[in-house]
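**Q** Just the structure for this:
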Amino acid sequence: MAKSELEGVALTGLVQDGAQEQSGALWRLRRRTRQLDANVVRFPAGGTVAAHTEAEVDVLVLVVAGGGTLTVAGTARDLAPGAVVLVPRGDARAIEAGPGGLVLLTAHRRRTGLRIGRRTPVRAGAAQCAVHLVCTNCRRHAIEADARFCSACGTPLPERAAPR
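**A** A predicted model of the protein is given here:
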């Protein structure tokens, strides 16, 4: 059996080295054969992730720095460094960073890979390209044509324009 390459990051250095105005994913697991997804995400002061539901995976959240509010299934919880919260799949959740911003480590089972086909049917004549889906916060392009949130920073993506 070959030795696995360890993958990790020093959280303290990552948070201190990054510019406070930098937002979005500061670090993520990259190994293709992993069973786990983990990300360190920074939200600027007042940054938000709109209420949404994750149907596929539970998410473990560790507050690394800053503070804010996590609302799960209508219940708001204050976040402070060191707080660990399990957000169950199927529960609506939203995040709002406090005045000093917020840095989170999130971890969850890796989602299933991309599959050929669509989760939702596309109306005849509707655009089938994700090019117009660009995050207004970090300017990242969406990967999936039916994406609703930015995969880097969690900002809601613009609504798809109606076909002409």
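**Q** Strands along this protein, start to end?
**A** 24-28, 36-43, 48-53, 59-72, 75-79, 84-87, 92-109 (DSSP state E).
**Q** With distance to residue 158 added, can I get those strands in TSV?
**A** Quick note: C-beta positions are derived from backbone N, CA and C, even for glycine. Below are the strands of the chain laid out as TSV (distance: least, CB to CB, whole Å):
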stretch	distance to residue 158
strand 24-28	17
strand 36-43	20
strand 48-53	12
strand 59-72	23
strand 75-79	27
strand 84-87	25
strand 92-109	18
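**Q** closest one to residue 11 among these?
**A** Ranking these by distance to residue 11, with CB to CB as the measure, places strand 59-72 first at 5.3 Å.
**Q** Mind picking out the helix or strand in the chain with the poorest mean pLDDT?
**A** The weakest-scoring helix or strand in the chain, judged by mean pLDDT, DSSP states H and E, is helix 11-17 (a mean of 69).
**Q** still on that earlier bit, for residue 135, find the nearest of the strands of the chain.
**A** Of all those, it is strand 24-28 that lies closest to residue 135, at 8.6 Å by CB to CB.
**Q** Taking strand 36-43 as reference, get the angle to the closest one.
**A** Strand 24-28 runs at 150 degrees relative to strand 36-43, counting by axes from the mean of the first three to the mean of the last three CA atoms, to 10 degrees.
**Q** packing partners for strand 24-28?
**A** Packed against strand 24-28, as judged by 3 or more CB pairs under 8 Å, 6 or more residues apart in numbering; DSSP states H and E, are the following elements: helix 11-17, strand 36-43.
**Q** tilt between that strand and strand 92-109?
**A** Between strand 24-28 and strand 92-109, the angle comes out at 20 degrees (the same axes, to 10 degrees).
**Q** Which positions in strand 24-28 come out as buried?
**A** Buried residues in strand 24-28, defined by neighbour count with 16 or more other CB atoms under 10 Å: 24, 25, 26, 27.
**Q** Adding pLDDT and distance to residue 105, write the residues you listed out as JSON lines.
**A** What follows is those, written out as JSON lines (pLDDT from 0 to 100; distance: CB to CB, whole Å):
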{"residue": "24", "pLDDT": "79", "distance to residue 105": "14"}
{"residue": "25", "pLDDT": "78", "distance to residue 105": "11"}
{"residue": "26", "pLDDT": "83", "distance to residue 105": "10"}
{"residue": "27", "pLDDT": "82", "distance to residue 105": "9"}
